[in-house]
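In: Kindly generate the corresponding structure for this input.
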Amino acid sequence: MKVECIKLVNDSNKNRSNIYYQLNQLTTITGLSLRMLKYKMLNVKEKYAGVTNLLKKEGKCWQIHHSIVNEFMPINKRKSIDDTNYRWSSFVTWNPIENYEADYHVELVKEIKSKLPNNTIKYTIELDRRGFNHVHFVCDAAPSKTKKIVDEVLLKYFKWFEVMYQVTEIKNNYSSDEYLQKAPVRNGILK
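Out: Sure thing, here's the model as predicted:
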């Protein structure tokens with residue numbers, strides 16, 4: 001039964017992007033020392049035993065899939081906080097049917113930020129396949145609170161069928177931060 005389950009997980013993971021890190025590369029991402037990462041590796045090895053698409057050993061080096069980098073993040077808050085180890089909670093994206101200037105999207109993000117005065121937003125505006133601007137941002141507010149405010153602001157300026165948007169909980173902080181940096185037209189942080 002367990003072998004069948006592991007085979008099923010490996011088959012489904014073959015469709016994922018193949019970005020792997022070695023243990024010594026995670027020191028800059030997590031801010032932890034190599035020794036601490038080796039201790040964390042003991043638990044990760046047990047947890048992902050047999051799931052070769054996420055964790056595999058080639059020679060003496062471990063190949064760690066980018067989707068499980070979060071397993072190595074520090075449990076306690078770090079003294080020095082940067083974008084990679086900040087505790088983001090919500091991931092928001094919207095894409096209107098019509099094209100709008102990047103400045104217009106920035107103003108929408110600023111209006112959302114004004115309704116979240118005690119929270120931080122990191123946003124990026126990028127082009128989709130049609131060449132239209134769309135927005136992604138992460139926020140440290142709870143997803144339910146963020147969704148309520150995004151609904152209010154977007155539906156104030158768009159009809160429900162003029163914009164596609166989504167608010168989700170962040171499960172992997174590192175991957176969401178990397179996603180924001182893939183192809184920005186404009187980006188920024190609102191504190």
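
In: Quick check: can you list the domain ranges of this protein?
Out: Domain segmentation of the chain under automatic domain parsing yields 2-72, 90-190.

In: between the ones you listed, which gets the lowest average pLDDT?
Out: The weakest mean pLDDT among the domains of the chain belongs to domain 2-72, with a mean of 81.

In: re earlier: give me whichever of the domains of the chain is most buried.
Out: Scoring those by mean neighbour count under mean count of other C-beta atoms under 10 Å gives domain 90-190 as the most buried, with a mean of 16. From N, CA and C alone the C-beta is placed, and that goes for glycine too.

In: Ends of it, what's the gap?
Out: 15 Å (C-alpha to C-alpha, to the nearest Å).

In: swap in stretch 71-88?
Out: Using C-alpha to C-alpha, one end of stretch 71-88 lies 15 Å from the other.

In: And for stretch 62-73?
Out: Start-to-end, stretch 62-73 (C-alpha to C-alpha) is 17 Å.

In: any idea of the pLDDT on Asp82?
Out: pLDDT, Asp82: 62.

In: hmm, I was thinking of Ser89
Out: Note on Ser89: pLDDT of 91.

In: Now it: phi and psi?
Out: phi -110, psi -40 (degrees, to the nearest 10).

In: ok, what's across the strand from Glu58?
Out: Here Glu58 sits in beta bridges with Cys61, going by DSSP bridges.
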